[in-house]
Each structure stands twice: as C-alpha cells, then as structure tokens.
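A.B. asks: When you get a sec, could you give me coordinates for this:
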Amino acid sequence: MLEQLPNQEHLLTDLILGDINYENSYALPGEIMPPNLRVDINLEWPVWSQSIYRSWTVGESEPESLEMGMELVIRVVNMSSPAPTKAVLTALDERSSPQMGFLLERSSVVSSESLLAEDFENEFELEVSFEGAVLVEESSLNSKDDLDNLMAPLGPWIASMLVRLSDQPIKYFPNTPE
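C.D. replies: Residues are numbered from 1 along each chain as shown. A predicted model of the protein is given here:
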C-alpha cells in the first residue's frame, strides 16, 4: 500500500553508544516525485535491547521482550500556503489502533515557512510525528514471517492517513522533478 522512495533507506550505527537506527521514507503509489506527502519511519534498536537479544541467542537468559523505539513523521511539503492545520489534524489519527499490536501516539505538530530568496515565494511545510515502542517477543524472532506479521498492520494504517490527508484542501506549488 506504500511505495518506498528511492535512495531514502539508511541503516545507521552509533559507534559510541551502540544503538542501531533504520530509516526509510514512503509515499502513496503513483505519487509525483518528489512527493508532496510522505512518511519517514525511524526504528531505533537501543544497545540494552540488543544485549537481551544476544543473551537469548546464546542461552544465557530467560526470554524477555525486546524493545525498539519507533517514530513516524508524516510530512506535507511544497505547499504554496499554510496547511489548514485543524483540518489536517482532524484527518489524522491521534494514535494507532489497538489491533496493531503496539501503540504509536501523536507527539508533535510542526508547521514551518521557508523563504529561499527574495525572488521566490515562501514555501510551507507541516510535520506530524507519532512515537511509541514496539515490543518484540522471542516467538516473533523465530522466523522472518512472524516479524513481518508484527509490522504488517503499520502499512495500511499509514496509507489510510496519507489518503485522508491527500483529500484535504492543501495548495501545492507545481512540482518539478529534482
């Protein structure tokens, strides 16, 4: 239900702290490039949770839940006028569905205006962030399919919000390919 944006996938490791971050960006299929609506997903696997995983794999400890932090940022970019923030927030959920298996809650809303030069019109952006933690049970790590099933409800939820957002009266600049 979502299309991965080209050249947006990143795997980062904090060499000092040891945390691992995975970042990727998605848009609705068939969106113009670059898309006016997109979602950036950031998964953080902290070093303490990695230690639990290592202990499981060598049989040193009883199974505990692994935890990964997750942040979703829905971005509306390339706007020629400010977004109707109240309408946008009404169109977006405040939190994820309980059926998803983990809870993500709206954490921030940021509206910004950019002036590139005197010759250009102001450009507006809106970012709506959701944050939460994903608890991964040992049983979910038995196969790739189990982990896929844990994350599967995320795509339809995000796609639903992007579709509702695309129905809002937002004015964009004509899109020119990068």
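
A.B. asks: how about Val76, what does it touch?
C.D. replies: 36-37, 83, 88, 125-127, 165, 170 (C-beta atoms under 8 Å, 6 or more residues apart in numbering). For glycine as for every other residue, the C-beta is placed from the backbone atoms N, C-alpha and C.

A.B. asks: Which residue, neighbours along the chain excluded, lies closest to it?
C.D. replies: Nearest non-adjacent residue to Val76, counting by C-beta to C-beta, 6 or more residues apart in numbering: Leu126, 4.4 Å away.

A.B. asks: ditto for Glu3
C.D. replies: Glu3 sits nearest to Pro29 (C-beta to C-beta, 6+ apart), 4.6 Å away.

A.B. asks: Assign that neighbour to helix, strand or coil.
C.D. replies: Put simply, Pro29 is coil when judged by DSSP: H, G, I helix; E, B strand; the rest coil.

A.B. asks: Near it, how many residues? Count them for me, please.
C.D. replies: 9 (other C-beta atoms under 10 Å).

A.B. asks: pretty sure Arg54 belongs to a helix, no?
C.D. replies: Yes: the assignment for Arg54 (three-state DSSP) places it in a helix.

A.B. asks: Next, the buried residues of the helix or strand bottoming out on mean pLDDT in the chain.
C.D. replies: Least confident helix or strand, the chain: helix 144-151 with a mean of 78, by mean pLDDT, DSSP states H and E. Using 16 or more other C-beta atoms under 10 Å as the test for burial, helix 144-151 gives 150-151.

A.B. asks: In three-state terms, label Glu62 for me.
C.D. replies: coil.
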